[in-house]
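[1] can't give you the sequence, but here's the structure:
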Ligand SMILES: Cc1cc2nc3c(=O)[nH]c(=O)nc-3n(C[C@H](O)[C@H](O)[C@H](O)COP(=O)(O)OP(=O)(O)OC[C@H]3O[C@@H](n4cnc5c(N)ncnc54)[C@H](O)[C@@H]3O)c2cc1C
């Protein structure tokens, strides 16, 4: 045997072993066999055996390995890794990981993805959406609420309470609706398509707040008292965490409680004096019960040894003397109730603490445990519902509105933003289904909830901006017939609340993802913090060598996928989607490798290198968004007609992943490592592009003509064609316009004149006069003209009506 043949076999086989994540013992055996063969054919020397012995023996002898390799590395690790704070530990411990862990680990199991059950509504949930939800959509007058009343109407408030809209998460035993997460999402999607004020008002009590906290941690007495009252709207809850000095850094709230004795309802009891100054609290101005987060102190040791008990959550009835609520903020003209609350040394019993006195100091854990669920439902669903309605309305508008004698949707310039709207609406609905489906399977997916919250609210913001551009003046001029402007105004609210987006992208998605999803990092961190040196070394050694094998495997896989274009990979489907699965597995391996390299070279500094960490988070996020969309396509029966939407989303996500990797490498502090990374990941350069003009064209076409794909895109929204529902009427007009076009052409042909496509009522008269069309056709032209005018007209007002201070006119 030739020396180069042996070397090639050695490199190839060890690469293959690394790729297939072989164990250390298997590696050792392979090299032993290779050396025996090499010695037989006289292509290896004594030096090869010596090298093998020096590496293989200490690695395989556990005692030697631990003493000379793992222990020194553990010591270094303990020195460089910053100590995890209690709040960080609690955030890491709360919640679970799900499919995002597969995406993070470099080898996603696509069959597993497609085997997750497709979320479905129960008969009762469907009836609620088709009944009370449909009805409240009909009752809702968003212009009246946002411009005239700055609140929901009393009738809508009453209807919401009576029909238990605030009790979707409350268990049936307490009189609630106990809907699954998927159903909650569908309800919110439908409401938000009509009014963000309505969706926010309903969303908040069903998200993180007293209802959720009581069910998980409340005492029996608290549950029995509050939950039935919350279920029927007798109590309106709010939850107050944010204060002027502590927004994103919520753990730093200055609000406090002092354990002390005092008088409550005429009796001397052990209680606490609460002092708080909170702001931005949704529903606070109308709340009857205030969920309050504060830091509890026990300076007189009335509860025990500890003085600083930590963040605690209590329920404080707002009628108690000293509780100040009622004033309102005015967030971007969206009229949901939101305002500040204060209290100064308000004395309340200790059993106002959620879960009673023994839960004093457990508030942060409670909040992070519950946050992951609510964050995956409310804001992502509100964004997806808005996006779906905008997609349909904008598609219809593009077909109805004409300029330069053409529907504006036929213009290539319009196709680009219109396709973005369609593709993203398809993706956003897919993501809400997949994320809420995970919750209904019992997960508390904190990384997924951060991804869903960040990306869907961002997508909503850019999508509504695209829709505004397409609508031109129709989008800008506000009034009852404007179905876009309030959504446009309110989009930044969703960006800010429940973890402001810059922080979510920079710190949370990858920060939590890396520790939770990585198969070894958490174990290494825990080992480093373990005070018992024996078990610390044992655990660290195990995690470390697992980690090394994992890292080598991802480097080899990344390179192998790069030089083969990932075409060697199998895919669950052999149709057009095959390539998407291959590329996603490739990028997943890249993410696992980049993540290890970043952690290895930057250590604790990675936390401060927020922009690098954000880009790794982007890779994970787009892999998740694309997976959800592939799952949707499959769950809906792999319909060929829907392929343009899927294609748009996958092209967009894969392109964004490529850009995130490219930017990560470009900005990596060590230029040598960056060069190596580029050689491994992009040996032939970057090659993916944004969705092509051809894909944009197909998506834009889909949105402008009634078809099954379009119907699926708008599924579950309030599209009933009735007075007061501008979007429903737009749908009718779209159909009418399409039906009218051949009639219009008939008249033009008969007149031998190219008429402009307006004043269709007059065209009808002309057609009838020359017997070119039937009476029925003329009626359709007339009806369509009304719809067409309504679609393009904007509101105008008396100047006095618009001024908030009419005395200025006197
Ligand atoms: C309409 C509305 C409703 C709300 N409802 C409630 C409610 O019901 N209950 C409640 O308790 N709170 C509520 N909030 C508060 C909301 O959760 C906070 O606004 C949010 O936590 C952000 O705090 P902040 O506005 O003070 O921004 P800041 O914390 O001042 O942040 C400013 C900017 O800095 C960024 N940032 C902060 N830290 C970092 C970091 N480490 N890295 C990168 N960027 C960072 C943020 O992303 C943000 O862009 C509401 C807020 C609004 C506006």
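    The structure has been received and is ready for your questions. Remember, predicted model here, so these are calculated numbers, not experimental data.
[2] what stretches of the chain score poorly on pLDDT?
    Across the chain, the ranges flagged by pLDDT under 70 are 1, 82-83, 87.
[3] ok, 80 please
    In the prediction, the chain carries residues with pLDDT under 80 at positions 1-3, 18, 20-21, 80-94, 208, 604, 806, 808-810.
[4] Strands of that one, start to end?
    237-240, 256-264, 267-282, 289-297, 308-317, 338-349, 402-403, 406-407 (DSSP state E).
[5] Among those strands, which comes closest to the ligand?
    The ligand lies closest to strand 267-282 among those, at 3.4 Å (C-beta to the nearest ligand atom). The way it works is simple: take the backbone N, C-alpha and C, and place the C-beta from them, glycine included.
[6] May I have the residues that are in contact with residue 557?
    18-19, 106-107, 589, 593 (C-beta atoms under 8 Å, 6 or more residues apart in numbering).
[7] Let me fix that, I meant to ask about residue 370.
    Contacts for residue 370 (C-beta under 8 Å, 6+ apart) come out as 208, 212-213, 216.
[8] and the residue nearest to residue 522 when sequence neighbours are not counted, how many neighbours?
    Counting by C-beta to C-beta, 6 or more residues apart in numbering, the nearest residue to residue 522 once its immediate chain neighbours are dropped is residue 515, at 5.3 Å. Residue 515: 19 surrounding residues under other C-beta atoms under 10 Å.
[9] wait, what's in contact with residue 515?
    Residue 515 makes contacts with 92, 521-522, 525, as judged by C-beta under 8 Å, 6+ apart.
[10] ok, now residue 157?
    By C-beta under 8 Å, 6+ apart, the contact set of residue 157 is empty.
[11] By proximity to the ligand, which residue of the stretch 151-300 of the chain wins?
    residue 247 (1.9 Å).
[12] Just confirm that residue contacts residue 500, I think it does.
    Yes. In this structure, residue 247 is within contact of residue 500 by C-beta atoms under 8 Å, at 7.3 Å.
[13] near the ligand, which residues of the protein show up?
    Residues of the chain lying near the ligand by C-beta under 6 Å from any ligand atom: 238-242, 247-248, 280-282, 331, 338, 493, 496-497, 500, 502-503, 506-507, 610.
[14] ok so, going back, which member of the contacts of residue 370 is positioned nearest residue 603?
    Within the contacts of residue 370, the smallest distance to residue 603 is 33.2 Å, found for residue 208 (C-beta to C-beta).
[15] if I look at the closest residue to residue 478 other than its chain neighbours, how far off is residue 794?
    Of all residues not flanking residue 478 in the chain, residue 485 sits nearest, at 4.8 Å (C-beta to C-beta, 6+ apart). Relative to residue 794, residue 485 is positioned 10 Å away (C-beta to C-beta, to the nearest Å).
[16] same thing with residue 646?
    Relative to residue 794, residue 646 is positioned 36 Å away (C-beta to C-beta).
[17] list the contacts for the residue nearest to residue 409 when sequence neighbours are not counted?
    The spatially closest residue to residue 409, leaving aside those adjacent along the chain, is residue 398, at 2.9 Å (C-beta to C-beta, 6+ apart). Residue 398 sits next to 407-409, 414, 418, 470, 700, 703-704 when contact means C-beta under 8 Å, 6+ apart.
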